[in-house]
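Peer 1: Sharing a model that was predicted from the sequence below.
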Amino acid sequence: MVKSLSPHKILIVRTFVVFSLLAFAFYSFGQKKNQIEIVGGDILDFVEKDGRKANKIVGNVIFKHQNTLMYSDSAFLFSKTNSLEAYGNVRINQADTSNLYGDQLFYNGNTKVARVIGKAVRLVNDDFTLTTTEMIMNRETDESRYVVGGKIESKTDSNVLVSQKGYYHAASKTFTFKDDVVLTNPDFIMKSDTLKYNSGSKLVTFLGPTTIENDSNFIYCENGWYDTEKDLSKYYENSYLISDGRQLEGDTLFYDRKIGFGKAINHVQITDTAENIVINGDIAFFYEHKDSAIVYGKPVLTQVFDEDSLFMRADTFKVFGSSENQRTLFAYYNVKIFKSDLQGKCDSIAYSMTDSTIKMYKDPVLWSEQNQLTADFIEIRTANSKIHSIFMDANAFIISEVDSIRFNQIKGKEMTGYFKNSVLNKIEVRGNGQTTYFGQDEEDKYIGVNVAESSDIDIMLKDQAIHSITFIKKPVATMHPIGSLNPKTDLRYEGFKWLIDIRPDRDEVVR
């Protein structure tokens, strides 16, 4: 006996069936929307592969998943897990913007991650071609990566990059490369531990130790960026540039390769290995094609000699080269010099690196041990990394202190002082020669003062003190008793200035 349902119960059953069908329809629609679709193939079969039910498609296989098409010679589609395996002439077309080629494809429609393997896996778009042997593509994050070595060849320029690991974000056109990164350009080769490259902007960002090298220079940094299209770059952290035997370094370096211009900021140092010269400062400009440089900000020059160093301070240093390989360094304003056996001060200096001469201008003064040398113009001549001689032109004057009020003096139109083993040992006076010399006996007691004049005078020194004087032309000499003349009024030549208070020490120059 069949029991009939009441009208009320029939309504409940019908309502449940309707809602069940609607729920199934919505679920099926949702699954279909995310499901991998078979678009084409020559042969379709239902098989089991590795214990899983699958659709096997052979010949001209095409799948679609959302806005992505996948092609191959054969494939297995696993509907239950929404995944596929494809073999032979694999290609993934991503929204008509890029194509990924390989021999094998493993794709999960739920995670949207594709793994492509092959002898030459290639990711190709309008900007570049990336070649590797295995690549992972994540369609959800729009990223691709390789970890087995890869090569990127740009289509818009001649850049070729290789690395062990690479990560590509398609939306931003940004690569991140790691381990043994080498970027080859017709004009340079770049090597790095880690860097980023934007294929749209052609901008390279360095994130680790990096070198950039070409025929004319070498650059090192540990942070910075390089615009490969404009040839502009900026470097940070232990950065330096080497060009033609000279090195420029600083906390920050800017370089325009096209015009050969460099700028260094903070803790700047320019090193010239050929001349054994180092210039330190706060800011430097480097003109590669002119072989020139300018250094500002309390700059200090150091020149290394065999057993000593010469230090020089000025407001500004400028180095200029020429087509004849002649290079001159200019030091402008408030120049101070310190060497253990020679100190100096003047307004400006011109240093010729060709003949190793230092020319001092405007109120120059030098100190060699107890001797003070002044003139309108002074030229220091060096040879074999040692001071050979000093030439003084116009109002040449040498003073050495005897005591607080008495001074030995040599004056003339021109003078040349000669050095032996870095010690002043001979002075030649040419024109209007005058000398005032306090004589001493064997017990070093002063016995008188010799005042003499002669057109030309030769003076020999011993232990930086006058040892002998030779008057060459028409000498006039008088020996005065030690107390017969006032040393402050009678025994000082015109232009006498004792400048010991401004004699620079090492700390004043090097600080």
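Peer 2: Here it is on my side, so go on. Numbering: from 1, shown residues only.
Peer 1: Report the spatially nearest residue to the spatially most central residue of the chain, omitting neighbours in sequence.
Peer 2: By C-alpha atoms, centre = their mean, the chain has its centre lying nearest to residue 240, at 2.7 Å. Excluding the flanking residues, the one nearest residue 240 by C-beta to C-beta, 6 or more residues apart in numbering is residue 249, at 3.5 Å. In short, each C-beta sits where N, CA and C put it, glycine included.
Peer 1: Let me see the contact set for residue 448.
Peer 2: By C-beta atoms under 8 Å, 6 or more residues apart in numbering, the contact set of residue 448 is 438, 439, 479, 480, 481, 482.
Peer 1: and it, what element?
Peer 2: Element membership for residue 448 (DSSP states H and E) is strand 446-462.
Peer 1: Relative to that strand, what are the paired strands and their orientations?
Peer 2: Counting by DSSP bridges, the strands paired with strand 446-462 are strand 423-440 (antiparallel), strand 465-471 (antiparallel), strand 476-480 (antiparallel).
Peer 1: Name the stretch among these that sits most buried.
Peer 2: Greatest average neighbour count among the strands paired with strand 446-462 goes to strand 423-440 (a mean of 19), per mean count of other C-beta atoms under 10 Å.
Peer 1: per-residue confidence averaged over it?
Peer 2: On average, the pLDDT along strand 423-440 is 92.
Peer 1: C-alpha coordinates for that strand, CSV please?
Peer 2: Provided in CSV are the C-alpha atoms of strand 423-440 (Å, rounded to 0.1, in the frame of the first residue of the first chain):
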residue,chain,number,x,y,z
VAL,A,423,118.8,68.6,2.4
LEU,A,424,119.6,72.2,1.2
ASN,A,425,123.4,72.3,0.7
LYS,A,426,124.1,75.0,-1.8
ILE,A,427,122.7,78.4,-2.8
GLU,A,428,123.5,80.4,-5.9
VAL,A,429,122.7,84.1,-5.8
ARG,A,430,122.6,85.9,-9.2
GLY,A,431,122.2,89.6,-9.3
ASN,A,432,122.3,92.2,-6.5
GLY,A,433,123.6,89.7,-4.0
GLN,A,434,123.6,90.7,-0.3
THR,A,435,124.4,88.7,2.8
THR,A,436,124.4,89.3,6.5
TYR,A,437,126.1,86.5,8.5
PHE,A,438,126.8,86.2,12.2
GLY,A,439,130.2,84.5,12.6
GLN,A,440,131.0,82.1,15.5
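Peer 1: what distance separates the start and the end of stretch 458-470?
Peer 2: One end of stretch 458-470 to the other measures 5 Å (C-alpha to C-alpha, to the nearest Å).
Peer 1: gap between that stretch and the chain center?
Peer 2: Relative to its chain's centre, stretch 458-470 lies at 51 Å (C-alpha atoms, centre = their mean, to the nearest Å).
Peer 1: Outside of that stretch itself, list whatever touches it.
Peer 2: Contacting residues not belonging to stretch 458-470 are listed as 368-371, 400, 408, 410, 423-429, 435, 437, 450, 452, 457, 472 [C-beta under 8 Å, 6+ apart].
Peer 1: Likewise for stretch 150-160?
Peer 2: The contact list for stretch 150-160, computed with C-beta under 8 Å, 6+ apart, reads 126-132, 135, 161-163, 166, 175, 183-186, 197, 199, 202, 228-229.
Peer 1: With residue 291 as the reference, measure out to residue 187.
Peer 2: 20 Å (C-beta to C-beta, to the nearest Å).
Peer 1: These two - which one has more neighbours?
Peer 2: Shown here are residue 187 and residue 291; by other C-beta atoms under 10 Å, residue 291 has more neighbours (19 against 14).
Peer 1: Pull the contacting residues for the more buried one.
Peer 2: Residue 291 is in contact with 244, 319, 320, 321, 322, 327, counting by C-beta under 8 Å, 6+ apart.
Peer 1: so where's this structure shaky on pLDDT?
Peer 2: Low-confidence segments of the chain (pLDDT under 70): 1-33, 323-325.
Peer 1: Show me the domain layout of it.
Peer 2: 25-133, 364-511 (automatic domain parsing).
Peer 1: Where do the strands of the stretch 101-250 of the chain begin and end?
Peer 2: Using DSSP state E, counting those that start in this stretch, the strands of the stretch 101-250 of the chain run over residues 113-124, 128-138, 143-146, 150-154, 160-163, 165-169, 174-185, 188-198, 203-206, 210-213, 217-221, 223-227, 232-243, 246-256.
Peer 1: which secondary structure elements does the first one contact?
Peer 2: Read it as strand 113-124. Contacts defined by 3 or more C-beta pairs under 8 Å, 6 or more residues apart in numbering; DSSP states H and E place strand 113-124 against strand 83-94, strand 98-108, strand 128-138.
Peer 1: Mind doing that once more with 7 Å?
Peer 2: Counting contacts by 3 or more C-beta pairs under 7 Å, 6 or more residues apart in numbering; DSSP states H and E, strand 113-124 packs against strand 98-108, strand 128-138.
Peer 1: Please apply the same query to the last one.
Peer 2: When contacts are defined as 3+ C-beta pairs under 7 Å, 6+ apart, strand 246-256 sits against strand 232-243, strand 261-272, strand 277-287.
Peer 1: Turn the ones you listed into JSON lines, including distance to residue 71.
Peer 2: Listed next are those as JSON lines, based on distance: least, C-beta to C-beta, whole Å:
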{"stretch": "strand 232-243", "distance to residue 71": "42"}
{"stretch": "strand 261-272", "distance to residue 71": "51"}
{"stretch": "strand 277-287", "distance to residue 71": "55"}
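Peer 1: Tell me which of the ones you listed sits nearest to residue 86.
Peer 2: strand 232-243 (43.6 Å; C-beta to C-beta).
Peer 1: list the buried ones in that closest one?
Peer 2: For strand 232-243, a neighbour-count test (16 or more other C-beta atoms under 10 Å) marks 232, 233, 234, 235, 239, 240, 241, 242, 243 as buried.
Peer 1: May I have the strands that pair with that strand, each with its orientation?
Peer 2: Sheet pairing for strand 232-243, assigned by DSSP bridges, gives strand 217-221 (antiparallel), strand 223-227 (antiparallel), strand 246-256 (antiparallel).
Peer 1: With distance to residue 117 and mean neighbour count added, can I get these in CSV?
Peer 2: Converted to CSV, the strands paired with strand 232-243 look like this (distance: least, C-beta to C-beta, whole Å; neighbours: other C-beta atoms under 10 Å):
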stretch, distance to residue 117, mean neighbour count
strand 217-221, 37, 21
strand 223-227, 33, 20
strand 246-256, 42, 21
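Peer 1: Between the ones you listed, which one is closest to residue 121.
Peer 2: From the strands paired with strand 232-243, taking C-beta to C-beta, the stretch that ends up closest is strand 223-227, at 27.9 Å.
Peer 1: Which pair in the buried residues of strand 232-243 has the greatest spatial separation?
Peer 2: Farthest apart among the buried residues of strand 232-243 - using C-beta to C-beta - are 232 and 242, which lie 19.0 Å from each other.
Peer 1: how many neighbours does the spatially closest residue to residue 74 that is not a sequence neighbour have?
Peer 2: Leaving aside its sequence neighbours, residue 74 sits nearest to residue 58 (C-beta to C-beta, 6+ apart; 4.7 Å). If you count neighbours by other C-beta under 10 Å, residue 58 ends up with 16.
Peer 1: thought residue 58 was touching residue 44?
Peer 2: No - with contact defined as C-beta atoms under 7 Å, residue 58 does not count as touching residue 44 (8.2 Å).
Peer 1: Which helix or strand contains residue 509?
Peer 2: Per DSSP H and E: residue 509 is located in helix 506-510.
Peer 1: and the residue nearest to residue 424 when sequence neighbours are not counted, what are its bridge partners?
Peer 2: When the adjacent residues along the chain are set aside, residue 424 lies closest to residue 368, with 4.7 Å between them (C-beta to C-beta, 6+ apart). Listed by DSSP bridges, the beta-bridge partners for residue 368 are residue 371.
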